[in-house]
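Chemist: Starting from these lines, generate the structure:
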Amino acid sequence: MEPSVRQTLLLPAAMLWLACMALGAAAPNTIAAAGNAAATNAYIEADYRLVRTGTSHIPRIEAALRGVLTRVRDECPLAAQGSPQDPQSTELSDEVIGALVMAVVELDRPAGRAFVTATAHLRWSDRALTHTIQSYVAKVKALDVLAPPGLCADVRGWAASGFQTLTPATLVFSPRFMAAWVGLGELPHALARYESPQDRALAARTERLESRFTDLEAREVETWGMVMNALDLWP
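Modeler: Below you'll find the predicted structure:
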């Protein structure tokens with residue numbers, strides 16, 4: 001075959017090979033950028049829906065927390081009277097927090113499940129960001145499947161042992177709850193570099209809603225204190 005003919009045939013193949021090499025080098029960065037943007041958008045939208053649902057229930061939440069206090073006052077007043085302040089009383093104090101938080105979770109478990117379904121598969125090229133978000137998602141999931149504690153029964157059980165032995169229910173519930181306890185909504189700062197203008201605007205709306213929930217939590221510290229006093233329990 002004449003050299004000129006061979007060159008004519010080989011040139012398109014060489015061009016195609018170089019093009020594929022260039023595409024192969026660029027594709028991972030392009031794909032990663034698209035994946036990060038899509039994951040960020042999906043997460044911010046899901047987080048907004050979760051926070052919006054929670055803040056829309058604030059009056060019901062306040063009523064539910066008062067309901068926990070009323071039940072303690074009616075069903076087991078001063079049940080821990082004479083108890084020591086020690087690691088066991090701390091675990092029961094954690095259970096009191098858990099009883100209050102689970103009263104809130106009970107108001108809308110479907111919202112938690114919807115959030116987990118929408119976010120559990122999301123991944124970013126930033127492994128630390130993925131770990132932060134997936135840890136949060138796992139905690140929301142753990143809270144969503146956790147049953148509320150039998151607070152009065154557990155405090156009475158502790159009292160019946162002479163304040164020596166916590167009930168098996170407390171020993172299971174308190175550590176599981178404390179490991180899963182998270183606030184409503186999570187927007188890590190590392191998301192910002194992947195946000196579109198629309199994502200940024202929605203994240204700002206979410207943060208404004210979160211501040212309302214933070215104010216509620218600050219107010220309800222008093223409710224926790226009243227439940228502790230009603231039981232005569234030391235943290």
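
Chemist: Just give me how far stretch 195-202 sits from the chain centre.
Modeler: Per C-alpha atoms, centre = their mean, to the nearest Å, the displacement of stretch 195-202 from the mean C-alpha position of its chain is 21 Å.

Chemist: Then stretch 208-217?
Modeler: 15 Å.

Chemist: Can you give me the buried ones in it?
Modeler: 209-210, 213, 216 (16 or more other C-beta atoms under 10 Å). For every residue, glycine as well, the C-beta is placed using N, CA and C.

Chemist: repeat for stretch 131-140
Modeler: 132-134, 136-137, 139-140.

Chemist: show me what contacts the residue nearest to Ala80 when sequence neighbours are not counted?
Modeler: Spatially, and ignoring its direct neighbours in sequence, Ala80 is nearest to Leu233 (4.0 Å; C-beta to C-beta, 6 or more residues apart in numbering). By C-beta atoms under 8 Å, 6 or more residues apart in numbering, the residues touching Leu233 are 79-80, 83, 89, 92-93, 96, 155.

Chemist: The residues you listed in strands, which ones?
Modeler: Among these, no member falls in strands (DSSP state E).

Chemist: Which one of these is nearest to Gln164?
Modeler: Closest approach to Gln164 among the contacts of Leu233 (C-beta to C-beta): Ser83, at 10.5 Å.

Chemist: show me what contacts the closest one?
Modeler: Taking C-beta under 8 Å, 6+ apart as the test, what Ser83 contacts is 89, 158-159, 163, 232-234.

Chemist: which one of those residues is nearest Ala169?
Modeler: Closest to Ala169, out of all of these and judged by C-beta to C-beta, is Trp158, at 10.5 Å.

Chemist: The closest one against Gly82, yeah?
Modeler: No - using C-beta atoms under 8 Å, Trp158 is not in contact with Gly82, being 11.3 Å away.

Chemist: In helices only, show me the contacts of Leu233.
Modeler: 89, 92-93, 96, 155 (DSSP state H).

Chemist: Make CSV out of the residues you listed and add distance to Leu65, neighbour count and pLDDT.
Modeler: Output for the ones in helices among the contacts of Leu233, formatted as CSV (distance: C-beta to C-beta, whole Å; neighbours: other C-beta atoms under 10 Å; pLDDT from 0 to 100):
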residue, distance to Leu65, neighbour count, pLDDT
Ser89, 21, 20, 97
Leu92, 18, 27, 97
Ser93, 16, 20, 97
Val96, 11, 25, 98
Val155, 18, 26, 98
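
Chemist: what would those residues look like in JSON lines with distance to Glu106?
Modeler: Formatted as JSON lines, the ones in helices among the contacts of Leu233 follow (distance: C-beta to C-beta, whole Å):
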{"residue": "Ser89", "distance to Glu106": "25"}
{"residue": "Leu92", "distance to Glu106": "20"}
{"residue": "Ser93", "distance to Glu106": "21"}
{"residue": "Val96", "distance to Glu106": "16"}
{"residue": "Val155", "distance to Glu106": "20"}
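
Chemist: Where does pLDDT dip in the protein?
Modeler: Within the chain, the stretches falling below the threshold (pLDDT under 70) are 1-33.

Chemist: same thing but 90
Modeler: 1-34, 108 (pLDDT under 90).

Chemist: Since that was my last question, I'll sign off now.
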